[in-house]
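Enquirer: sequence and predicted structure below; questions after.
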Amino acid sequence: MFNPFVNFESLDDEQLLEKKLELNKKCATINNGDIRGQVLGMIKQIDLILFDRQQRKTNETTEEFDDSISIG
């Protein structure tokens, strides 16, 4: 049985992008709609991990400036 829920958390952003590219190439050659859907689910999982990491970086940057005092 194919398990589309793979733990990609241990990969860094560059490795995730490489894995996404690899899965997109494989998806283009898949004729079975069910399998294609599972591979697309894996690609979406990678997208969510990348999005989550980007949001965390943005929040960390924003929090650095929240403790400043404005004198005016």
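Expert: That came through, no problem. No experiment lies behind these values; they were computed from the predicted model shown.

Enquirer: other SSEs contacting the longest helix along the chain?
Expert: As assigned by DSSP state H, the longest helix anywhere in the chain is helix 33-66. Contact partners of helix 33-66 among helices and strands, from 3 or more CB pairs under 8 Å, 6 or more residues apart in numbering; DSSP states H and E: helix 13-29. For the C-beta atoms, the positions are set from N, CA and C on the backbone; glycine is no exception.

Enquirer: how about the helix it packs on: buried residues?
Expert: Neighbour counts over helix 13-29 (16 or more other CB atoms under 10 Å) mark 16, 19, 20, 23, 27 as buried.

Enquirer: possible to save these as a markdown table with distance to residue 53 and pLDDT?
Expert: As requested, these are exported to a markdown table (distance: CB to CB, whole Å; pLDDT from 0 to 100):
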| residue | distance to residue 53 | pLDDT |
| --- | --- | --- |
| 16 | 9 | 95 |
| 19 | 14 | 95 |
| 20 | 13 | 96 |
| 23 | 18 | 95 |
| 27 | 23 | 92 |
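
Enquirer: stretch 49-61 - what's its average pLDDT?
Expert: For stretch 49-61, mean pLDDT is 89.

Enquirer: wait, stretch 30-37
Expert: Here stretch 30-37 scores 92 as its mean pLDDT.

Enquirer: the spatially closest residue to residue 30 that is not a sequence neighbour: neighbouring residues, count only.
Expert: Among residues not flanking residue 30 along the chain, residue 36 sits closest, at 4.5 Å (CB to CB, 6 or more residues apart in numbering). By other CB atoms under 10 Å, the residues close to residue 36 number 15.

Enquirer: same thing with residue 59?
Expert: 10.
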